[in-house]
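Enquirer: Mind folding the following:
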Amino acid sequence: MPPTIMESGRGFERIGAHSHIKGLGLTSEGKALTSADGMVGQIEAREAAGLIVEMIKEGRMAGRGILLVGPPGTGKTAIAIAIAKELGEDTPFVSLSASEVYSAEMKKTEVLMQAMRKAIGVRIREIRKVYEGVVKNMKVAFKRHPYNPYYKVPSSAKITLATRDEEKTFTVDRDITLELLNKGVGIGDVIWIDSETGRVTKIGKVRGFEKAKYYDLETEVLVEMPKGPILKEKEFIHTVTLHDLDVGMASRRGIISIFFGMPTEREISSDVRREVDEEVKKLVDEGRAEIIPGVLFIDDAHMLDIECFAFLGRAMESELAPIIILATNRGITRIRGTDIESPHGMPLDLLDRLLIIRTKPYTRDEIREILKIRSKATKIKLTDKALEKLTEIGAETSLRYAVQLMEPAWERARVLKRDYVDVEDIEYVRELFVDVKESSKYARDFEKQFLR
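Expert: I've put the predicted structure just below:
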């Protein structure tokens, strides 16, 4: 009798570190479920985030930010993503590492300003020609990355759309393919594809579609099968960011410089931003657009310096600002750019403006549940013994290490002509890929032979 196997999820989806996160997993009363919407554990942190979501929706977060504090691998990024998901599907989410602000090409404040403008969306309504239909089939072609031969990127896709009256197959380019993957489009989804821009809008999943039984319909919006021709005119609602509009305006102003061979500036002037803001205000006043404050997530926030903290503190008080979420895994440490030590390496006056949420290490049962979710997201089949072994490893070392072992174990199982990962595959790859503790011990044992 074959071993018991955890079936992987079906359907096409882009697999990322947090692609399985759908929301905070809360009940209507704001209580966190043990496992829901891709979230596991962190009950207090998720319930606190749920209260913040309600405050944001009611417009009660003005002048405040959020700080997520906890050890590495405790779900800080996942909670930030879940907050953005709870605010709406088209809510802009910008993730930034604090180290990215130290660029030789732009000022620190310009990097932060551009990140903030990327996190503020403008929902625009217009009538456009679109291809509308339910996805009956989708095959994505990949090619090797031009700068990294070990990494493959999407190059194109062949997609079949159908309505009650028509069915067509299209080959779409890389940009549309990336849109499809980023929106999580799969078989059974009703989508719109703008005929001019290639922008993709995901409407929902067809009610009663023949393959719908393979999906978690509780988290999907169910819609009826489209009628009529595939190409039609629709009121197209799409979201751009203020930064997109800034770049467009700056490009139009920089045409003369391009003709004369002069490089265009990477930094955007305040005049351009002021003109964009006036155009957006005009669209909002005419009822053709609305502002969507998004989420700016800055990880490793302790690496920001005193100038960046001063800029963020001022930005929080602005009328047009995104929800700023900072995350750190540091305790008492020096504020960069000063000789002052402070909690989490941040000025006390900024900490006073932040709602601070703690994340705690996962329990053994929570690690097991997270590994189950990741196995479904990555379509890796695990036997019960393999799952228990990974859970044991995650409890002894770290959750991230246990998750990282899944892919090499799956590759070994495929070499051995198996379509599932067994405990022997986990034990084999663990001998090949050591965890941080074993690597540190190795460095100490052979310290004299390493270069200093």
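
Enquirer: For the stretch 151-300 of the chain, give me the ranges with low pLDDT.
Expert: The model of the stretch 151-300 of the chain has pLDDT under 70 over residues 208-220, 236, 253-265.

Enquirer: quick one, helices of it?
Expert: Assigned by DSSP state H, counting those that start in this stretch, the stretch 151-300 of the chain shows helices spanning 174-182, 242-253, 255-259, 270-285.

Enquirer: And the last one, what's buried?
Expert: Taking 16 or more other C-beta atoms under 10 Å as the basis for neighbour counts, the residues of helix 270-285 that come out buried are 272-273, 275-276, 280, 283. (C-beta placed from N, C-alpha, C; glycine too.)

Enquirer: Which elements pack onto that helix?
Expert: Helices and strands touching helix 270-285, by 3 or more C-beta pairs under 8 Å, 6 or more residues apart in numbering; DSSP states H and E, are strand 120-144, helix 242-253, strand 289-293.

Enquirer: Next, the angle strand 120-144 makes with it.
Expert: Taking axes from the mean of the first three to the mean of the last three C-alpha atoms, to 10 degrees, helix 270-285 and strand 120-144 form an angle of 110 degrees between their directions.

Enquirer: domains for the protein, by residue range?
Expert: Listed domain ranges for the chain are 5-15+363-440, 42-119+294-358 (source: automatic domain parsing).

Enquirer: for those domains, which one sits closest to A157?
Expert: Closest to A157 of the domains of the chain, according to C-beta to C-beta: domain 5-15+363-440, at 9.6 Å.

Enquirer: tell me how far the closest one is from the chain's mean position?
Expert: Remark: domain 5-15+363-440 is offset 22 Å from the chain centroid, using C-alpha atoms, centre = their mean, to the nearest Å.

Enquirer: Let me see the mean pLDDT of that domain.
Expert: In this model, domain 5-15+363-440 has an average pLDDT of 81.

Enquirer: Quickly list what L26 is bridged to.
Expert: Beta-bridge pairing for L26 (DSSP bridges): A32.

Enquirer: Is it in contact with R46, as I believe?
Expert: Yes - counting by C-beta atoms under 8 Å, L26 touches R46, with 6.6 Å between them.

Enquirer: neighbour count winner among these two?
Expert: R46 (28 against 21; other C-beta atoms under 10 Å).

Enquirer: Quickly find the element holding that one.
Expert: Here R46, judged by DSSP states H and E, is contained in helix 43-57.

Enquirer: returning to that earlier point: minimum distance to T391: which of the helices and strands packed on helix 270-285 has it?
Expert: strand 120-144 (32.1 Å).

Enquirer: between L26 and R46, what contacts are shared?
Expert: Contact with both L26 and R46 is made by residues A32, according to C-beta atoms under 8 Å, 6 or more residues apart in numbering.

Enquirer: and K139, what does it touch?
Expert: Shown in contact with K139 (C-beta under 8 Å, 6+ apart): 157-159.

Enquirer: Which one of those residues is nearest to D365?
Expert: A157 (39.2 Å).

Enquirer: How about the contacts made by that closest one?
Expert: Contacts for A157 (C-beta under 8 Å, 6+ apart) come out as 138-141, 171-172, 176-177, 180.
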